[in-house]
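1. Structure, please.
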Amino acid sequence: MDYRIPEDFIEEVRRQADIVEIISEHVVLKRTGKNFQGLCPFHSEKTPSFNVNPERQMFYCFGCQIGGNIFSFLMKKQNMTFLEAVRAVAERTGIPFPEKELSPQEREHEQKRNRFKDIHEWAARYFSDVLLNRPEGRRGLEYLQGRNIDLETIKVFRLGYAPDKWDGLLKEMATKGVAAEELVEFGLAIQKVNQKDGVVSFYDRFRGRIIYTILDIRSSPIAFGGRVLDDSLPKYLNSPETSFFHKGGNLYGIHFAHRGIREVGYSLLLEGYMDTIAVRQAGFSNVVASLGTALTKKQARILKRYAKKVIIGYDSDSAGIEATLRAGEILLEEGLKVEVLTLEDVKDPDEFLKKHSSEELRKRLENAITFIEFKYKNLVQNNPPRTIPDKAELIRGLAPDILKTPSPAEREGYERYLSLELGLTLEAVQREISILDKHSRKNKYNQQNFLKKQDISVKKRNTIEGTEFDYPLDSFVPLGVFRAEQIILRLVLENPLLKAKVRENLEDNFWRIKEHQYIFQNYSEKNYNYYDTDDFAYEEIQKRLAQIYELDIDTSKAEMLLMDCISSIQNTKNKENIEDLQARMIKLEKLGDMAGALAVLQEIGERLKRGEK
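-> Predicted structure coming up:
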């Protein structure tokens, strides 16, 4: 974080804020004893499971397990950054917000960012005005009406039209004092130098095209996509990447879809602008598209922030199938549950809705198949297994995706599915997959190469600060250990003096949940609003804190309970075999926790020296 707010100021703002009053603006709360209860604003429910504790100034939902303090509530509900949330609460409580003195470079960067926002807002208004109010936009409006796009949808997506002129936007921006060079820098105009006389000229990037405005999570324009209305090429033209816009870090439609995704519990990932617009107009509020590029890990993490499930609805042609396979693998790698919408009789959801009702699309979504089933059917269709070796090869092709599944029950379900489809025993399928699992571990994590490649100094680094969080699924950690960690933290938060007892009996790297380790190292009873990492990490840490404070435990014999938890962690660690440790090391490495992975590797080495297997 570029600007570090004094911790005392954060705590003072939190202390003076009335969390019940602020949350009541978004949720109808009723008092139940010392707490308040209402319907959760982050998922759909009929029975209230959302609780607000005014004494601790925290909230927690027992339904979707989202929790935190007043800052993380506003961050989730109103898509604020941490700084914006603190500023908003400070203004409500009448506490002056401490402003930072920017360096010349920071001031210049901030001015340019604001200029970028202003110019894109002006451009979006211009394109919209041309489409809806000017004669040169009539062609574009007729096209959208021909695609059955209504006026409300046009406004929600801020659709527009770029007139077929070389300087339409240039002239419009000139009236607002925007130089042509600025439009070039932000990707809205193109500069041309005459090779003969060196004369420099400028022209609009978007001409004679329907304009799809790309909006960020706060509904601010950050880029544009354009589609021609004839057969000229390229059919689609998009804003280039700039200092303030990266295609792989944004999703089309996310400005409204983030709320819908949370409500229905999954995101519907489509391929194009028109698919997204048509499906949203049909009543589906959880639909996004990946901006015409292959899905990136960053986009997958954006989706994961709002729900743990994704249904892919890409085109049904060969290119769409290949894109589905690539996207599914990325989403699985990020720990998401992945399903695929199959529409055999049409190319895409937009075309489907021209032939069928929205209710029929809803039924198709309810019957979406898992990604692994989709991949299996695609492999069999392209290369039907005719021999036993063919079947074995097919299993090996699906094994990496099956092994990414964190749920043992779900994994066995896939193994049984393959067993029935291929006419093999369940044991044979499981052995084939387990052989590949062990082989990949040995190849990827040769101990000597691992040690040579890693910088030993990572042991001294904070493994959370400065890295992107990719939170481990709780199912990866034994339930007893997970609960023991929670109870230890609850006891330490109630009595910080117990920290010393934990350090006496357990090594620093014993924590299985990164957020738990971070809380233990950085938080105390009076400072659990400390902020020293990115916004997403802050929300997750606050959620863990809310879970910890909701534990119903008897703290009258705190030291005895603490020692029981310490013993539970020690016993579990002693029972872990080499394979368990290798699996944990692989998981830590995937999560980016190289210090943790190295510590586990060193423990494996020590055990091997002692002759363990």
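
2. Now do the same for residue 539: its pLDDT.
-> Note on residue 539: pLDDT of 83.

3. again with residue 328
-> The model reports residue 328 with a pLDDT of 96.

4. Let me know the helix or strand that it is in.
-> helix 318-333 (DSSP states H and E).

5. tell me what the next helix or strand along the chain from that helix is packed against?
-> Once the chain leaves helix 318-333, the next helix or strand it forms, by DSSP H and E, is strand 337-340. Under the contact criterion of 3 or more C-beta pairs under 8 Å, 6 or more residues apart in numbering; DSSP states H and E, strand 337-340 touches strand 309-312, helix 318-333, strand 369-370, helix 371-382. All C-beta atoms are positioned from the backbone trio N, CA, C, and that covers glycine.

6. Note down every partner strand of the first one and its orientation.
-> Put plainly, it is strand 309-312. Using DSSP bridges, the strands paired with strand 309-312 are strand 267-270 (parallel), strand 337-340 (parallel).

7. Residue 288 belongs to a strand?
-> Yes - looking at residue 288 with DSSP: H, G, I helix; E, B strand; the rest coil, it is inside a strand.

8. Looking at it now. What's its pLDDT?
-> 97.

9. Verify the stated contact: it with residue 256.
-> No - if you go by C-beta atoms under 8 Å, residue 288 and residue 256 don't touch, sitting 9.4 Å apart.

10. Please identify which of those two sits among more neighbours.
-> Higher neighbour count among residue 288 and residue 256: residue 288, with 27 against 18, using other C-beta atoms under 10 Å.

11. partners of that one in the sheet?
-> Counting by DSSP bridges, the residues bridging with residue 288 are residue 269.

12. Use 46 as the first number for this chain going forward.
-> That works, and once the first residue is 46, the last one we named lands at residue 333.

13. Check the gap between it and residue 339 for me.
-> 15 Å (C-beta to C-beta, to the nearest Å).

14. again with residue 368
-> Counting by C-beta to C-beta, the gap from residue 368 to residue 339 is 7 Å.

15. just the helices in the stretch 196-345 of the chain please.
-> Taking DSSP state H, counting those that start in this stretch as the criterion, the stretch 196-345 of the chain contains helices spanning 196-201, 213-219, 225-230, 299-309, 318-326, 342-351.

16. Restricting to C-alpha, output the third one in CSV.
-> Extracted as CSV, the C-alpha positions of helix 225-230 are listed here (Å, rounded to 0.1, in the frame of the first residue of the first chain):
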residue,chain,number,x,y,z
ALA,A,225,-4.8,14.9,-29.4
GLU,A,226,-1.6,13.5,-27.8
GLU,A,227,-3.5,12.7,-24.7
LEU,A,228,-6.0,10.7,-26.7
VAL,A,229,-3.2,8.8,-28.3
GLU,A,230,-1.6,8.0,-24.9
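
17. Report the distance from it to the chain centre.
-> 32 Å (C-alpha atoms, centre = their mean, to the nearest Å).

18. what about stretch 540-558, start to end distance?
-> 21 Å (C-alpha to C-alpha, to the nearest Å).

19. In it, which residues are buried?
-> 543, 544, 546, 547, 551, 554, 555, 556, 557, 558 (16 or more other C-beta atoms under 10 Å).

20. With distance to residue 115 added, can I get the residues you listed in JSON lines?
-> Shown next, in JSON lines, are the buried residues of stretch 540-558 (distance: C-beta to C-beta, whole Å):
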{"residue": "543", "distance to residue 115": "27"}
{"residue": "544", "distance to residue 115": "26"}
{"residue": "546", "distance to residue 115": "32"}
{"residue": "547", "distance to residue 115": "29"}
{"residue": "551", "distance to residue 115": "33"}
{"residue": "554", "distance to residue 115": "33"}
{"residue": "555", "distance to residue 115": "32"}
{"residue": "556", "distance to residue 115": "27"}
{"residue": "557", "distance to residue 115": "29"}
{"residue": "558", "distance to residue 115": "24"}
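
21. Among the residues you listed, which one sits closest to residue 250?
-> Of all the buried residues of stretch 540-558, residue 250 sits closest to residue 558, with 47.5 Å by C-beta to C-beta.

22. Can you read off the pLDDT for the closest one?
-> With respect to pLDDT, residue 558 scores 85.

23. Excluding sequence neighbours, find me the nearest residue to residue 343.
-> Sequence neighbours aside, residue 294 is the residue nearest to residue 343 in space, at 4.9 Å (criterion: C-beta to C-beta, 6 or more residues apart in numbering).

24. Give me the neighbour count for the residue lying closest to residue 413 once chain neighbours are set aside.
-> Spatial nearest neighbour of residue 413, excluding adjacent residues (C-beta to C-beta, 6+ apart): residue 384 at 4.1 Å. Counted with other C-beta under 10 Å, the neighbours of residue 384 add up to 23.

25. cool, residue 235 as well?
-> 15.

26. who does it bridge with?
-> The partner residues for residue 235, given DSSP bridges, come to residue 248.

27. likewise residue 290?
-> Going by DSSP bridges, residue 290 forms beta bridges with residue 287.

28. what's it in contact with, if anything?
-> 232, 259, 267, 268, 284 (C-beta atoms under 8 Å, 6 or more residues apart in numbering).

29. go with 7 Å
-> When the contact criterion is C-beta atoms under 7 Å, 6 or more residues apart in numbering, the partners of residue 290 are 267, 268, 284.

30. Report how many residues lie close to the first one.
-> Think residue 267. Residues near residue 267, counting by other C-beta under 10 Å: 22.

31. My guess is it contacts residue 168. True?
-> No - assessed by C-beta atoms under 7 Å, residue 267 is found out of contact with residue 168, at 10.9 Å.

32. ok, back up a step: out of the helices of the stretch 196-345 of the chain, flag the one nearest residue 412.
-> helix 299-309 (15.6 Å).

33. just how off-centre is the closest one within its chain?
-> Put simply, helix 299-309 sits 12 Å off its chain's centre (C-alpha atoms, centre = their mean).

34. Please list the residues outside that helix that contact it.
-> 87-89, 124, 201, 260-262, 264, 312, 330-333, 347, 351-352.

35. Now, of those residues, which are buried?
-> By neighbour count, with 16+ other C-beta under 10 Å, the contacts of helix 299-309 hold 87-88, 124, 201, 260-262, 312, 330-333, 347, 351-352 as buried.

36. okay, and the helix or strand of the chain with the least pLDDT?
-> helix 492-498 (a mean of 38; mean pLDDT, DSSP states H and E).

37. Pull the contacting residues for residue 477.
-> 437, 440, 441.

38. In space, what's closest to the second one - neighbours in sequence excluded?
-> To tie it back to what came earlier, the one meant is residue 440. residue 477 (4.8 Å).

39. try the last one
-> Spatially, and ignoring its direct neighbours in sequence, residue 441 is nearest to residue 481 (5.8 Å; C-beta to C-beta, 6+ apart).

40. Pretty sure the one you found sits against residue 440.
-> No - contact criterion C-beta under 7 Å: residue 481 and residue 440 do not qualify, at 8.4 Å.

41. Tell me where the stretch 496-645 of the chain is predicted with low confidence.
-> For the stretch 496-645 of the chain, the stretches flagged by pLDDT under 70 are 496-521, 568-579, 620-624, 629, 632-641.
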